[in-house]
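> sequence-free structure coming up:
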């Protein structure tokens, strides 16, 4: 099983908002502000969407936002668009040269 | 444009060896920390190893003593020599770039599939 827990699926209609959770422990998500979120289309390379919990790389729409509370991080996609349909997974630095990942969430735009 | 392209995956028997390559373009591999991350079928991602810009290397416990990461400055490439392969090493292997010290992965390759099976 993955070190970080994500729901296997999430969905929303175009224009709506959806939030994906990523739950870890005090040794990873709760202990460091180094949570990242990635978007991945089938067979493609993952794309960094959020780093350091809430920061967006240049080129990522501001519809994507990140937050954290305790041991749970969240990715919110606002104003859902058809192209947002993809897999999303989280990662966290877990100290001493170690990174952990979530199992991924399939986002469906209805 | 930054690009990472993996190659070298395939079918190998348990106990066998395989060498993966990751060709980088748009930046130099020696100026960033470079990682290997794998994803077993139907499972989440797992961090495998990385080579820091300084050249120091760290391995996960699951591959320590069996895998060797290296880089070639002239070819601007990253490699993963995988020895004593086990069934549980079956996965898509991605190389990924970490902006040094930022503890995130800003560019990934699409991966190469390694299947360990008799």
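Okay, I see it. On a predicted model such as this, the values are computed, not experimentally measured, just so you know.
> For the residue in chain B that chain A sits nearest to, grab the count of nearby residues.
Distances from chain B to chain A, computed as Cβ to the nearest Cβ, single out residue B:44 as the nearest residue at 3.3 Å. All C-beta spots, glycine's among them, are computed from the backbone N, C-alpha and C. Close neighbours of residue B:44, defined as other Cβ atoms under 10 Å in any protein chain shown, add up to 20.
> so who does the residue nearest to it when sequence neighbours are not counted touch?
The spatially closest residue to residue B:44, leaving aside those adjacent along the chain, is residue A:2, at 3.3 Å (Cβ to Cβ, 6 or more residues apart in numbering or on different chains). Residue A:2 sits next to A:100-103, B:43-45 when contact means Cβ atoms under 8 Å, 6 or more residues apart in numbering or on different chains.
> Which of these are buried? Put it as a ChimeraX command.
Here the buried members of the contacts of residue A:2 are turned into a ChimeraX selection, burial being counted by 16 or more other Cβ atoms under 10 Å in any protein chain shown:
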select /A:100,101,102,103 /B:44,45
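> and of the contacts of residue A:2, the nearest to residue A:24?
Taking Cβ to Cβ as the measure, residue A:24 sits nearest to residue A:100 out of the contacts of residue A:2, at 6.9 Å.
> Report the contact partners of that closest one.
A:2-4, A:24, A:28, A:91-92, A:94, B:47 are the contacts of residue A:100 under Cβ under 8 Å, 6+ apart.
> Look up how far residue B:66 lies from the residue in chain B sticking out farthest from the centre.
Within chain B, the residue lying farthest from the chain centre (Cα atoms, centre = their mean) is residue B:118, at 23.0 Å. Distance of residue B:118 to residue B:66, given as Cβ to Cβ, to the nearest Å: 18 Å.
> ok, which pair from the contacts of residue A:2 is furthest apart?
The most widely separated members of these, counting by Cβ to Cβ, are A:100 and B:43 (13.0 Å).
> so how many other residues sit close to residue 98?
Just going to use chain A. Other residues near residue A:98 number 15, with proximity taken as other Cβ under 10 Å.
> wait, chain B
19.
> Please identify the helix or strand for the residue of chain A found nearest chain B.
Distances between chain A and chain B by Cβ to the nearest Cβ are smallest at residue A:2, namely 3.3 Å. When elements are assigned from DSSP states H and E, residue A:2 belongs to no helix and no strand.
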